[in-house]
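Q: Output the structure for:
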Amino acid sequence: MSVISTAALDAIGFRDGLAVEATFHSVNIYFLQGIQCSQATLEHAAGTTRSGITYQLAISFSVNDAFKKLFGDTLVDDELKWAEQHTCTGPYLLVEVEASPAKRVGRVKDEGASITTYNMFSPEKMELSAMEDDVLPQAVSAVSDLLRAAGTQCAARHVVREVFGLTSDSRRPVHDIRFSVSGTLSVSRIVNEENEIATAFLQAQPERLKTLKDRFIWCAMFAWPGMTAVDLGEFAQLKSVRDKLSHGELTAPPSSAVASIEALALKLQRYRIPAEVTGRISRL
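A: Down below sits the predicted model:
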């Protein structure tokens, strides 16, 4: 795996040597199954874990309303489409934690309404992950326990995790990204007639063939060099007619099937299966 080149970063608009000061946040969104609330419901609270990490949570029928309570802005443009994509519906529980403010210098793409940085805030994102390990189990359990105490059984299903920064001055969103390139290479080799081991293996397969279709395909491969994929398809259709006749689903074959089987039989008359092959098939 290799990272994208500096030339490529330059080409897509990342300028080097710029400073950005931001506070990074993570928001984990849960769908609260088993409870109902009105669309006007909006609850907000703050808490502290036993290890001293502070967090905020919000509960609302609307994910945008809850997000706006926490950050003063909406999360998605089309909430109905977002809910369909994530197979969920309100009410939602949002749990937010924030890392320590940081100022970093690196590659930046300023897009006006938002800023994109290239792999500048990895320490802050690692800090958020460590905080979530402590906060999320306690926060979700606290909400579930409160609802259970009120006589409501609730299950919190995780929907999505959002990570972003907010600049210290104008609170513009900051998205810290990194590109990586990876790939796999596979090599294949043609098995030709000179590969005696593979050829011998394939030719020995009549001993394992159990169905008429399997035997027909083997013969087309090794004894009937003029057969085509069209002929194999024709045989499969004719075998289907034969099966329906034997099971009583048809009383007489269609005229088209009779003509087709006569044409296929005439084509097969040009071939002579070697005696040793005939002996193998007859013993199956």
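
Q: where are the low-confidence patches of the chain?
A: 1-3, 180-183, 187-194, 196-210, 222, 225, 269-284 (pLDDT under 70).

Q: what about the strands in it?
A: Counting by DSSP state E, the chain has strands at residues 2-3, 15-33, 42-48, 54-60, 92-98, 102-110, 115-118, 155-167, 173-177, 180-181.

Q: Could you export those strands as JSON lines, including distance to residue 229?
A: Yep, even glycine has a C-beta here, placed from its N, CA and C like the rest. JSON lines is the format used below for those (distance: least, Cβ to Cβ, whole Å):
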{"stretch": "strand 2-3", "distance to residue 229": "43"}
{"stretch": "strand 15-33", "distance to residue 229": "50"}
{"stretch": "strand 42-48", "distance to residue 229": "64"}
{"stretch": "strand 54-60", "distance to residue 229": "60"}
{"stretch": "strand 92-98", "distance to residue 229": "55"}
{"stretch": "strand 102-110", "distance to residue 229": "53"}
{"stretch": "strand 115-118", "distance to residue 229": "51"}
{"stretch": "strand 155-167", "distance to residue 229": "47"}
{"stretch": "strand 173-177", "distance to residue 229": "48"}
{"stretch": "strand 180-181", "distance to residue 229": "39"}
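
Q: Run a quick neighbour tally on residue 150.
A: Neighbours of residue 150 under the rule other Cβ atoms under 10 Å: 9.

Q: Contacts only, for residue 17.
A: Neighbour list for residue 17: 105, 106 [criterion: Cβ atoms under 8 Å, 6 or more residues apart in numbering].

Q: To clarify, my last question referred to residue 18.
A: Residue 18 touches 105, 106, 107, 108, 110, counting by Cβ under 8 Å, 6+ apart.

Q: Which member of those residues exhibits the greatest number of neighbouring residues?
A: residue 108 (21 neighbours).

Q: Name the nearest residue to it, sequence neighbours excluded.
A: Excluding the flanking residues, the one nearest residue 108 by Cβ to Cβ, 6 or more residues apart in numbering is residue 18, at 4.0 Å.

Q: right, so of the strands of the chain, which gets closest to residue 85?
A: When the strands of the chain are compared by Cβ to Cβ, strand 155-167 sits nearest residue 85, at 9.5 Å.

Q: in the closest one, what's buried?
A: Of all the residues in strand 155-167, those buried under the rule 16 or more other Cβ atoms under 10 Å are 156, 159, 163, 164, 165, 166.

Q: Show me the helices in this protein, by range?
A: Using DSSP state H, the helices of the chain run over 6-11, 63-71, 79-86, 122-149, 196-203, 212-222, 229-246, 255-268, 275-282.

Q: in the longest one, what counts as buried?
A: Read that as helix 122-149. Buried residues in helix 122-149 (16+ other Cβ under 10 Å): 124, 127-128, 131-132, 134-136, 138-140, 143-144, 147.

Q: Please tell me how far that helix is from the chain's geometric centre.
A: Centre-to-centre, helix 122-149 and its host chain are 26 Å apart (Cα atoms, centre = their mean, to the nearest Å).

Q: Quick check: which helices or strands does it pack against?
A: If contacts are counted by 3 or more Cβ pairs under 8 Å, 6 or more residues apart in numbering; DSSP states H and E, helix 122-149 sits against strand 15-33, strand 42-48, strand 54-60, strand 92-98, strand 155-167.

Q: Kindly compare burial across those and name the winner.
A: strand 92-98 (a mean of 23; mean count of other Cβ atoms under 10 Å).

Q: I'd like the distance between residue 46 and residue 168.
A: 21 Å (Cβ to Cβ, to the nearest Å).

Q: same check, this time on residue 177
A: As for residue 177, its distance to residue 168 is 20 Å (criterion: Cβ to Cβ).

Q: Please apply the same query to residue 248.
A: According to Cβ to Cβ, residue 248 stands 82 Å off from residue 168.

Q: Neighbour count: the two, which is higher?
A: Using other Cβ under 10 Å, the more surrounded residue of residue 248 and residue 168 is residue 168, with 14 against 7.

Q: what about residue 72, how many neighbours?
A: Neighbour number of residue 72 under other Cβ under 10 Å is 9.

Q: Without its sequence neighbours, what residue ends up closest to it?
A: Per Cβ to Cβ, 6+ apart, closest to residue 72 is residue 171, 7.8 Å.

Q: ditto for residue 42
A: Per Cβ to Cβ, 6+ apart, closest to residue 42 is residue 60, 4.6 Å.
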